[in-house]
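Enquirer: coordinates only, sequence not included:
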């Protein structure tokens, strides 16, 4: 049973409410134009020499879009995998380990990718 105030606020037992749901949807919407830009970038640079592709990544707008896509994509992935872990893993210890691994994986991939793009953008 839920109190009327909890129903109005949309908060469940975890007290997170719909924030997780909305963040998943927000990142999905943000990824649409970012991925379209990324696919166009890949298609246009498929047959380009390495130096040309690197010089395009070094452009501020391209580097910013790539970093934004990585951040939005990793947040989206982390939230999605978190839901799967919470729904299908029933052991408390295993759930904790997997949730921690999910978070660490997301952070390490994000940091590594952002550093790689920044190195190209700044060092070029």
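Expert: Yep, it's here. Given the structure is predicted, the values throughout are model-derived calculations rather than measurements. Numbering: from 1, shown residues only.
Enquirer: Now for the residue nearest to the spatial centre of the chain, which secondary structure element holds it?
Expert: Residue closest to the mean C-alpha point of the chain, counted by CA atoms, centre = their mean, is residue 74 at 2.1 Å. Assigned by DSSP states H and E, residue 74 belongs to helix 60-88.
Enquirer: Could you tell me the angle between the helix or strand just after that helix and helix 60-88?
Expert: Next helix or strand after helix 60-88 toward the C-terminus (DSSP H and E): helix 92-123. Between helix 92-123 and helix 60-88, the angle comes out at 180 degrees (axes from the mean of the first three to the mean of the last three CA atoms, to 10 degrees).
Enquirer: which parts of helix 92-123 are buried?
Expert: Neighbour counts over helix 92-123 (16 or more other CB atoms under 10 Å) mark 98-99, 102, 106, 110, 113-114, 117, 120-121 as buried. C-beta: built from backbone N, CA, C; applies to glycine.
Enquirer: just these now: which is nearest residue 91?
Expert: Residue 91 has its nearest neighbour among these in residue 98, at 9.6 Å by CB to CB.
Enquirer: and residue 73, how many residues sit next to it?
Expert: Neighbour count of residue 73, defined by other CB atoms under 10 Å: 20.
Enquirer: Let me see the contact set for the nearest residue to it once chain neighbours are set aside.
Expert: The shortest distance from residue 73 to any non-neighbouring residue, by CB to CB, 6 or more residues apart in numbering, is to residue 31 (6.1 Å). Residues near residue 31 by CB atoms under 8 Å, 6 or more residues apart in numbering: 69, 72-73, 76.
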